[in-house]
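Enquirer: I would like the atomic coordinates for the input below:
(one chain, ligands or ions: 1)
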Amino acid sequence: MTLAETAQRADTFDLTGRRAIVTGASRGIGRAITLEFAARGVRVVAVARSAEDLEETRRLAEGGAGEVLPLEADLRGDAGGPRAVVESAVELLGGVDVLVNNAGFDNEQGIDDTTVDQWDKVLDLNVRSLFLLCQAASPYLKDGGGKVINIASIFGHVGARAELAYVTSKHAVMGMTKCLALEWARKGVQVNALCPGFVDTEMLARAVGDEASASYLRRMTPLGRWAQPEEMVGPAVFLASSASDFMTGQALIVDGGYTAQ
Ligand SMILES: NC(=O)c1ccc[n+]([C@@H]2O[C@H](COP(=O)([O-])OP(=O)(O)OC[C@H]3O[C@@H](n4cnc5c(N)ncnc54)[C@H](OP(=O)(O)O)[C@@H]3O)[C@@H](O)[C@H]2O)c1
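Expert: Residues are numbered from 1 along each chain as shown. Predicted coordinates for the structure are as follows:
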C-alpha cells in the first residue's frame, strides 16, 4: 500500500467539519455519541428536554475539535416540534450532514398492562418523531453525503415479553430505515440502524438495579455483561463516516451476541 493510500484509509472515519443533529443527547447513548462526534470535529446540535443535562453534555465536550450546541425540545406531541428542531439546527449549523435519531422511551409493559396513553407515548417518540425529523431534514441531507443513523434495538429484530409497544416501535424503526434507504439511495444519503443490546443507561437502570433481572441480562448475553454507552460510539462513527458509504438500509447489531443465539 502506498503512503497516499494509507493516509486515505486513515481518513475514512474522519468526521471533521460535519454538521450533526443528535436527539436524546442529554444522557446515555446519545450523550456518548455526541461527545465522540464533538471530539472528532463535528458541530453537533444536541436535542433533549432537559436544558440542564444538555448543558452538562456541552460542558463535557469542551476542548474537543468540534462543539455542542444544546437545543431544548420535546419531540413528542405537536408535529411542529421535530420540524422546528431541524429548522433551528439548520440555522445554527448552516445545514445538516448527519441525523442521529436516538431519543427513545420504553414503558416495559405487556399486552394486558399497556394503556393507550403509554402506547401512544412510546410510538410518538420512537416512531412518529423519527418520521417527522427525517421528513424535515430530507432537503438538507440530500445536499450531499448525508447520513441517517436510527438507534433501533435488538428488539427491532426479535420479540420480548412485557415490551409490546417498545418492540413494535423498534420493528417500525427498522421498516422506516429500509424504506428511507431505498428512497434516498440515488440521492447519496445512507440510512442505517444501530441496534444495541443491553446498555447501562437510565433506560436499563431498573433491570440493572434488580439482582434477578441483572443476572437474567448477563445470562441472555453471550458476552456475559451489558455494554457501556461508550461502546456504541465506534459503530456510530462508522455509520456517520465515509467508511460506511456502500452500506444502506442495514442494521448494525451491537449486542454482545444476544441475537446470534
Ligand atoms: N439502554 C439500552 O439498553 C438500549 C438498548 C437498545 C436500544 N436502546 C435505544 O437507545 C436509545 C437511547 O437510549 P438510552 O438507553 O440512552 O436511554 P436514556 O438514557 O433513557 O436516554 C433517553 C434520551 O432521550 C431523551 N428523550 C426522552 N424523551 C424525550 C422527548 N419527549 N423529547 C426529546 N428527547 C427525549 C432523553 O432526554 P430528556 O429526558 O432530557 O428529554 C435522553 O436524552 C433509545 O432509542 C433506546 O430505545 C437502548
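
Enquirer: was I right about residue 69 contacting residue 92?
Expert: Yes. Residue 69 lies in contact with residue 92 (Cβ atoms under 8 Å); the separation is 5.2 Å. From N, CA and C alone the C-beta is placed, and that goes for glycine too.

Enquirer: so between those two, which is more surrounded?
Expert: residue 69 (20 against 14; other Cβ atoms under 10 Å).

Enquirer: can I get the stretch of helix or strand residue 178 belongs to in CSV, CA atoms only?
Expert: Using DSSP states H and E, residue 178 falls within helix 164-184. The C-alpha coordinates for helix 164-184 follow below in CSV (Å, rounded to 0.1, in the frame of the first residue of the first chain):
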residue,chain,number,x,y,z
LEU,A,164,-45.2,-4.8,23.5
ALA,A,165,-45.1,-1.1,22.5
TYR,A,166,-41.3,-0.8,22.5
VAL,A,167,-40.7,-3.9,20.4
THR,A,168,-43.4,-2.8,18.0
SER,A,169,-41.8,0.6,17.8
LYS,A,170,-38.3,-0.7,17.1
HIS,A,171,-39.5,-3.0,14.4
ALA,A,172,-41.2,0.1,12.8
VAL,A,173,-37.8,1.9,13.0
MET,A,174,-36.3,-1.0,11.1
GLY,A,175,-39.0,-0.7,8.4
MET,A,176,-38.5,3.1,8.2
THR,A,177,-34.7,2.6,7.9
LYS,A,178,-35.2,0.3,4.9
CYS,A,179,-37.8,2.5,3.1
LEU,A,180,-35.8,5.7,3.5
ALA,A,181,-32.6,3.9,2.4
LEU,A,182,-34.3,2.9,-0.8
GLU,A,183,-36.0,6.3,-1.4
TRP,A,184,-32.7,8.2,-0.9
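
Enquirer: how about residue 139, secondary structure?
Expert: What DSSP: H, G, I helix; E, B strand; the rest coil gives for residue 139 is helix.

Enquirer: can you count the residues close to it?
Expert: So residue 139, with other Cβ under 10 Å, has 12 neighbours.

Enquirer: repeat for residue 79
Expert: 13.

Enquirer: residue 85 is in contact with residue 21, isn't it?
Expert: Yes. The pair residue 85 / residue 21 is scored as a contact, 7.1 Å apart, by Cβ under 8 Å.

Enquirer: need the residues of the stretch 101-250 of the chain near the ligand, please.
Expert: Taking Cβ under 6 Å from any ligand atom as the measure of proximity, the stretch 101-250 of the chain contacts the ligand at 102-105, 125, 151, 153, 196, 198-199, 201-204.

Enquirer: closest to the ligand among those?
Expert: residue 104 (2.3 Å; Cβ to the nearest ligand atom).

Enquirer: what about that closest one, is that helix, strand or coil?
Expert: coil.

Enquirer: wait, what's in contact with the nearest residue to it once chain neighbours are set aside?
Expert: In this structure, residue 104 finds its nearest non-sequential neighbour in residue 126, 5.1 Å apart by Cβ to Cβ, 6 or more residues apart in numbering. Contacts here follow Cβ atoms under 8 Å, 6 or more residues apart in numbering; on that basis residue 126 touches 104, 105, 166, 169, 170, 172, 173.

Enquirer: skipping its backbone neighbours, what lies nearest the fourth one in space?
Expert: Going back to what we said before, that points to residue 169. Among residues not flanking residue 169 along the chain, residue 126 sits closest, at 3.6 Å (Cβ to Cβ, 6+ apart).
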